[in-house]
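S.K.: This is the structure alone, sequence omitted:
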């Protein structure tokens with residue numbers, strides 16, 4: 001029964017490409033189906049597998065053959081458990097790679113074999129319009145970090161300490177450009193992005209950016225858009241932003257088009273969440289540790 005389970009998966013996959021395995025796949029399926037419906041398996045697949053495995057072990061030593069023959073069922077279950085756990089680990093790695101750009105999840109400091117696949121997605125800075133985007137760091141820095149962020153996203157907030165640490169540690173080496181990706185599940189993300197660009201017109205974006213992340217709860221989904229705007233306006237006042245100019249900018253809606261372009265850039269790149277970073281074109285998804293960012297910039 002145990003080897004029938006493994007055989008169903010292995011020979012089922014091999015049977016897609018070669019007819020010689022389809023008979024074994026069919027036999028495995030029949031055995032598993034009968035056992036699942038509480039009927040005796042009519043196949044001798046397990047017995048043949050036991051005999052074949054014992055013969056292979058005999059080539060190593062008689063003792064090995066004796067162990068395989070006597071404990072074949074136990075060894076088979078161990079193999080099944082290993083097979084299932086390995087499949088789960090691979091599946092989790094694929095999910096993390098698709099979701100976070102790394103097999104290990106948001107912290108991408110670990111090795112990821114999928115990242116070594118030729119043709120893995122990387123972009124040039126010229127593929128994203130950065131006109132009017134807030135910038136931090138040395139304008140002529142050799143390392144360009146593009147961050148796609150949502151000001152209402154808790155993961156974008158979580159990423160800030162490591163980003164600030166990198167910018168402080170390498171002020172001449174790194175430039176950060178923020179591109180807005182207000183996620184649909186965050187009701188006030190679009191409003192916060194537009195307000196951020198209104199602050200940017202006065203050269204106060206990063207002050208408002210930091211203030212919003214510090215008190216992000218005042219624009220969460222439980223807060224209506226009108227109250228969220230009042231809360232952002234209060235933060236803008238505390239950040240030294242001229243409120244008359246700020247209000248005029250919000251009412252005009254002139255920053256809405258820039259936010260739309262940023263959002264469409266993120267969608268066209270296949271991004272699923274924030275924050276997502278491109279360090280000289282190399283993609284990192286999710287909050288990054290200082291160590292991960294250092295590695296990304298070659299430090």
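M.R.: Now that the structure is in, tell me what you want to look at. Computed from a predicted model, the values in this text were never measured in an experiment.

S.K.: Contacts only, for residue 280.
M.R.: Shown in contact with residue 280 (CB atoms under 8 Å, 6 or more residues apart in numbering): 143, 144, 297. Every C-beta, even on glycine, is put in place using the N, C-alpha and C of the backbone.

S.K.: Roughly how far does it sit from residue 206?
M.R.: Distance, residue 280 to residue 206, using CB to CB, to the nearest Å: 22 Å.

S.K.: Residue 292 now?
M.R.: 22 Å.

S.K.: Looking at the two, which one has more neighbours?
M.R.: It is residue 292, of residue 292 and residue 206, that has more neighbours when counted by other CB atoms under 10 Å, with 23 against 17.

S.K.: so that one sits right up against residue 286, yeah?
M.R.: No - in terms of CB atoms under 8 Å, residue 292 does not count as a neighbour of residue 286; the distance is 9.5 Å.

S.K.: Outline the domain layout of the protein.
M.R.: Here the domain assignment for the chain is 2-100, 113-296, based on automatic domain parsing.

S.K.: which one of the ones you listed is the most hemmed in?
M.R.: Of all the domains of the chain, domain 113-296 has the most neighbours on average by mean count of other CB atoms under 10 Å, namely a mean of 18.

S.K.: can you give me how far that domain is from the chain middle?
M.R.: Offset of domain 113-296 from its chain centre (CA atoms, centre = their mean, to the nearest Å): 18 Å.

S.K.: Can you add mean pLDDT and give the domains of the chain back as CSV?
M.R.: As requested, these are exported to CSV (pLDDT from 0 to 100):
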stretch, mean pLDDT
domain 2-100, 70
domain 113-296, 91
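
S.K.: now the strands for the protein?
M.R.: With DSSP state E as the definition, the chain shows strands at residue ranges 135-137, 143-149, 174-180, 276-279, 282-285.

S.K.: list the helices and strands the last one packs on?
M.R.: The elements that strand 282-285 packs onto, with contact taken as 3 or more CB pairs under 8 Å, 6 or more residues apart in numbering; DSSP states H and E, are strand 276-279, helix 290-296.

S.K.: Can you tell me which of these is nearest to residue 77?
M.R.: The stretch from those with the least distance to residue 77 (CB to CB) is helix 290-296; that distance is 39.0 Å.

S.K.: counting contacts, what elements does the closest one pack onto?
M.R.: Helices and strands touching helix 290-296, by 3+ CB pairs under 8 Å, 6+ apart, are helix 154-169, strand 276-279, strand 282-285.

S.K.: Relative to residue 265, which of these is closest?
M.R.: Proximity of those to residue 265 was assessed by CB to CB; the nearest stretch is strand 276-279, lying at 10.9 Å.

S.K.: quick one: contacts for residue 150?
M.R.: Shown in contact with residue 150 (CB under 8 Å, 6+ apart): 156, 180, 181, 182, 183, 186, 189, 192, 193, 274.

S.K.: Need the phi and psi values for it.
M.R.: Backbone geometry at residue 150, expressed as degrees, to the nearest 10, gives phi -120, psi 120.

S.K.: So residue 137 is in contact with residue 178, correct?
M.R.: No - with contact defined as CB under 8 Å, residue 137 does not count as touching residue 178 (11.2 Å).

S.K.: any idea how far the most far-flung residue of the chain relative to its centre is from residue 154?
M.R.: No residue in the chain has its C-alpha farther from the mean C-alpha position than residue 62, which lies at 49.6 Å (CA atoms, centre = their mean). Using CB to CB, one gets 62 Å for the distance from residue 62 to residue 154.

S.K.: One more: residue 224?
M.R.: Here the distance between residue 224 and residue 154 works out to 19 Å (CB to CB).

S.K.: do the same with residue 269
M.R.: According to CB to CB, residue 269 and residue 154 sit 22 Å apart.

S.K.: How about residue 293: what's its closest non-neighbour residue?
M.R.: In space, residue 293 comes closest to residue 166 once its chain neighbours are excluded; the distance is 4.7 Å by CB to CB, 6 or more residues apart in numbering.

S.K.: wait, what's in contact with that neighbour?
M.R.: Neighbouring residues of residue 166 by CB under 8 Å, 6+ apart: 145, 174, 290, 293, 294, 297.

S.K.: my guess is residue 139 contacts residue 175, does it?
M.R.: Yes - contact status for residue 139 versus residue 175: in contact at 6.5 Å, counting by CB under 8 Å.

S.K.: wait, what's in contact with residue 299?
M.R.: For residue 299, the set of contacting residues under the criterion of CB under 8 Å, 6+ apart consists of 169, 170, 173.

S.K.: Backbone dihedrals for the last one, please?
M.R.: When quoted as degrees, to the nearest 10, the phi and psi of residue 173 stand at phi -100, psi -20.

S.K.: Sweet, I'm off.
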